[in-house]
Each structure stands twice: as C-alpha cells, then as structure tokens.
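S.K.: Predicted model and sequence follow; I will ask about them next.
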Amino acid sequence: MFGAFRFALALLVVAGHLRQPIWLGAWAVFAFYTLSGYLMCLVLNERYGFSRRGFGAYALNRFLRIHPPYWLACAFTLVVMSLAGEASVRDFWQPWELPNSFAAWGRNLGIFGLRPGPNPRPPGL
C-alpha cells in the first residue's frame with residue numbers, strides 16, 4: 001500500500017521537475033516527507049524501541065542502508081570519470097572536480113559537511 005503511494009508521489013515529483021505543473025511536485029515532496037516521518041516513527045516504536053541499545057541498532061541499520069550504496073556510486077563515478085577524462089567531465093559540467101584535500105574526501109565519503117548550492121563534486125561523490 002505505502003509502496004504504491006510512494007511511487008505515485010515520486011512520479012509527481014518528476015512531473016514537477018518537468019514543470020508539469022510545478023506546484024504538484026512541491027506537494028508531493030511534502031507528502032513524501034510526512035509519510036516517511038510516520039514510517040520512521042512506526043519502525044522506531046515497534047522494532048527498535050527508545051532505549052540506548054534500540055537507538056544504536058537503528059543508527060547502525062541506517063548507516064548500512066545508506067553508506068555502502070553511496071560508496072558504490074562514488075567508486076562507479078570515479079571509474080567513469082577516469083575513463084572519460086577530466087576534459088570530458090568539465091565539458092559536461094564545469095564545476096565538477098575531484099576533492100583536493102583529505103578533509104574534502106572525508107566530507108564526500110561521510111556525506112557530512114556538504115554545503116548546498118553549486119555542487120563542486122561529481123555525481124556520487
């Protein structure tokens with residue numbers, strides 16, 4: 001039930017990005033966040049509980065669901081960028097570049113400290 005509803009909301013977001021009509025996408029994002037918040041509270045309440053151990057198990061599960069696929073996307077992006085060459089990547093979008101410091105690599109691989117605005121990172125990094 002919720003899967004079909006979330007899929008429909010995702011289609012409305014895509015339609016909003018295509019400007020068909022844009023307000024529909026904004027409402028779909030709000031509904032998606034509301035549904036996600038409800039489901040996260042439900043899972044916390046019924047599966048993990050609110051103990052220190054429950055929060056630790058929840059945090060570990062979230063880490064394992066988010067970070068490994070993200071790191072796989074980062075590795076794939078690095079391979080594609082190295083095969084295409086820096087000139088081709090910059091021709092596609094000028095701001096893309098590899099991180100140039102240890103701290104920048106840490107922010108990218110940890111998904112922490114990334115600022116909104118023009119994205120200097122390649123997709124997946």
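M.R.: That came through fine.
S.K.: Select the helix or strand of this structure having the lowest average pLDDT value.
M.R.: When each helix and strand of the chain is scored by mean pLDDT, DSSP states H and E, helix 86-92 comes last, with a mean of 81.
S.K.: What is the distance between that one and the centre of its chain?
M.R.: Centroid displacement of helix 86-92 relative to its chain, using Cα atoms, centre = their mean, to the nearest Å, is 24 Å.
S.K.: Likewise for stretch 77-85?
M.R.: With Cα atoms, centre = their mean, you get 21 Å for stretch 77-85.
S.K.: Also stretch 59-76?
M.R.: 10 Å.
S.K.: Mind listing what's buried along that stretch?
M.R.: 70, 74 (16 or more other Cβ atoms under 10 Å). C-betas here are computed from N, CA, C, even on glycine.
S.K.: Output that stretch as CSV, restricted to C-alpha atoms.
M.R.: Extracted C-alpha coordinates of stretch 59-76, given in CSV (Å, rounded to 0.1, in the frame of the first residue of the first chain):
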residue,chain,number,x,y,z
ALA,A,59,21.7,4.0,13.7
LEU,A,60,23.7,1.0,12.5
ASN,A,61,20.9,-0.2,10.3
ARG,A,62,20.5,3.3,8.7
PHE,A,63,24.3,3.5,8.2
LEU,A,64,24.4,0.1,6.5
ARG,A,65,21.4,1.1,4.2
ILE,A,66,22.8,4.5,3.1
HIS,A,67,26.6,4.4,3.1
PRO,A,68,27.5,1.2,1.1
PRO,A,69,25.3,2.0,-1.9
TYR,A,70,26.6,5.6,-1.8
TRP,A,71,30.2,4.4,-1.7
LEU,A,72,29.5,2.1,-4.6
ALA,A,73,28.1,5.1,-6.6
CYS,A,74,31.3,7.0,-5.7
ALA,A,75,33.5,4.2,-7.0
PHE,A,76,31.5,3.9,-10.2
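S.K.: list the buried ones in the least confident helix or strand of the chain?
M.R.: Under the neighbour-count criterion of 16+ other Cβ under 10 Å, helix 86-92 has Val89 buried.
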